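[1] Structural data only, the sequence is not supplied:
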C-alpha cells in the first residue's frame, strides 16, 4: 500500500488490471484518502487545468472548448528558458462547461439542460448526479467541497428564486446539497439569505471560478445580491455541518466598483487561509501623462481565529506590469508551494504566466506554448483550475 500510494493516478489506472487484489485496493476508500493526503504534499502531482471556450463571429455554431494542463515540476528544462508547454487534454473536449473545482482536483461540470457531473481528471472517472427539476441553467451556482469527517465530496447547488406567475427574480435563493457516493437525491437546505456568486450578464469579463474557493472544509464565495445589501460580502459554507455564515469585506475593497472587484481580483487559498488577491493597474491616461506604470498586488488574508483581515502589498516588476497592461484577460490560481499564479492572455494572442513566491518574495515570468491558436472568435471564456492527482473514489 505504501508503494502504490506514491504512484501517480495515471499509472494506478493501468495497475488495476494487474490483479483482483490491486483493483480492490486502488478502489478502497482508505487507500484513496492516503493517496490524496500524499498528493497534497508533492508538487509533482499538482498541475493547472486551462479551459478555453471559443465562439465564432456569427454565433451560429455551438461554442468549442479546449483543455490544457500545465505541470511545472515536469518541465525543468523549459523553465530554465522561461518557457512552459501546455499539454492538450483531448478526452475532456466533449465535456460541458466547467463551473467549479475545489483545491484538491475534482471538477464539477454542468449542461444547460440540467445535467451535472463530477469528474476526476487524473483517473478519467466521471459520474452523473441526479437531475434537479428546479435547476435553472445559467441562474445556478455549483460549488464543490470535501467533508473531512465523512471523507466524502459534497456539491452545493444554489438557485435564484423566480416567481412562476410574474417571472420576476427575487433576492432569495434555494440551496441543495448532494453527497457524492452516498446520496441518491438532492437534499434542500432551508436558507434563503445567502447566494454564492454565479455568472451574471453584467459581468461578461468575470471568471466565475475566481469568485469562490474551497479552503480546509469551507467553501467561500462572494455573497451577491441579497435582500440585505447590493454590496458583495463573502458567504462561508461549512461543508461538514452544511451551514452558512457571512464574512464582511475590508472597507478598502467594498469602496471599489463590483466590476473591478470581479475582473481584477480572486478568492484564493494562500498559506492555508482564505485570501482576496487584487491587482491594481494604473490608468492609461495617467501613464501617458508621465505617471507611475508599475502595477501592484494586494493580498488580504482572513485570520479565522481573530476574525480579521491582514493585508500585504506587493509591487509587480516593470516587465510583469507591462505584460498586465497588454492583457485582455487575467486569471488567478495558487499552488501548495505558496505561489500565486496570474494567467494572462495578451492582445498579441499569446498566453503568459506570472508567478509570485510569497516565501522568497520573488516574481517569475513564463511564456506558454502548445495552446492552439483559434483564428475565428468573438469572445473568450478562459478559466484556470488548480488540480491535484489522486484516486479518491467517487462512487
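    Structure's in. What do you need? What you see is a predicted model, and the numbers here were worked out from it, not measured in a lab.
[2] do you know how far residue 239 is from residue 127?
    The gap separating residue 239 from residue 127 is 18 Å, by C-beta to C-beta, to the nearest Å. Heads up, the C-betas are built off the backbone N, CA and C, glycines and all.
[3] And these two? Which one has more around it.
    Applying other C-beta atoms under 10 Å to residue 239 and residue 127 shows that residue 239 carries more neighbours, namely 26 against 13.
[4] Quick check: closest non-adjacent residue to that one.
    With sequence-adjacent residues excluded and distances taken as C-beta to C-beta, 6 or more residues apart in numbering, residue 239 is closest to residue 145, at 4.0 Å.
[5] partner residues bridging the one you found?
    Counting by DSSP bridges, residue 145 is bridged to residue 154.
[6] likewise residue 120?
    residue 125.
[7] how many other residues sit next to it?
    A total of 22 residues lie near residue 120 under the criterion other C-beta under 10 Å.
[8] So for residue 218, what's the nearest residue that isn't a sequence neighbour?
    With C-beta to C-beta, 6+ apart as the criterion, residue 218 has its nearest non-adjacent residue at 5.3 Å, and that residue is residue 236.
[9] so what strands line up beside the helix or strand harbouring the one you found?
    Here residue 236, judged by DSSP states H and E, is contained in strand 233-238. Strand partners for strand 233-238, identified by DSSP bridges, are recorded as strand 218-223 (antiparallel), strand 243-247 (antiparallel).
[10] So which of those strands is nearest residue 341?
    Ranking the strands paired with strand 233-238 by proximity to residue 341 (C-beta to C-beta) places strand 218-223 first, at 18.5 Å.
[11] Quick one: end-to-end length of stretch 254-263, please.
    In stretch 254-263, first residue to last residue: 14 Å (C-alpha to C-alpha, to the nearest Å).
[12] Residue 90 versus residue 126, what's the distance?
    Counting by C-beta to C-beta, the gap from residue 126 to residue 90 is 15 Å.
[13] Next: residue 369.
    Residue 369 sits 17 Å away from residue 90, taking C-beta to C-beta as the criterion.
[14] When those two are compared, which one has more neighbours?
    residue 369 (12 against 9).
[15] Just give the closest residue to residue 371, not the sequence neighbours.
    residue 86 (5.0 Å).
[16] What's the per-residue pLDDT of the one you found here?
    Turning to residue 86, the model gives it a pLDDT of 87.
[17] Ramachandran angles for it?
    phi -90, psi 140 (degrees, to the nearest 10).
[18] ok, back up a step: what about the residue nearest to residue 218, how many residues close to it?
    Look at residue 236: counted by other C-beta under 10 Å, it has 20 neighbours.
[19] Okay, and the beta partners of it?
    Beta-bridge partners recorded for residue 236 (DSSP bridges): residue 220, residue 245.
[20] wait, isn't it in contact with residue 267?
    No. Here residue 236 does not reach residue 267: they are 10.8 Å apart, not a contact under C-beta atoms under 8 Å.
[21] Verify the contact between residue 357 and residue 339 for me.
    Yes. If you go by C-beta under 8 Å, residue 357 and residue 339 touch, sitting 5.1 Å apart.
[22] if we can go back for a sec, any idea which of the strands paired with strand 233-238 is most buried?
    Of all the strands paired with strand 233-238, strand 218-223 carries the top mean neighbour count, a mean of 23, counting by mean count of other C-beta atoms under 10 Å.
[23] average pLDDT across that strand?
    86.
[24] Could you do stretch 42-59 as well?
    pLDDT averaged over stretch 42-59 gives 72.
[25] likewise stretch 245-264?
    For stretch 245-264, mean pLDDT is 76.
[26] now swap in stretch 3-16 and tell me
    87.
[27] can you check stretch 343-363 too?
    The predicted model assigns stretch 343-363 a mean pLDDT of 87.
[28] what's in contact with it?
    Stretch 343-363 is touched from outside by 48, 50, 70, 84, 86, 270-271, 297, 299, 314, 316-317, 320, 323-324, 326-333, 337-342, 364-368, 371, 373, 380, 382, 384, with contacts defined as C-beta atoms under 8 Å, 6 or more residues apart in numbering.
[29] Now the element after the helix or strand of the chain with the lowest mean pLDDT, going C-ward?
    Sorting the helices and strands of the chain by mean pLDDT, DSSP states H and E puts helix 284-288 at the bottom, at a mean of 61. As assigned by DSSP H and E, the chain's next helix or strand after helix 284-288 is strand 296-303.
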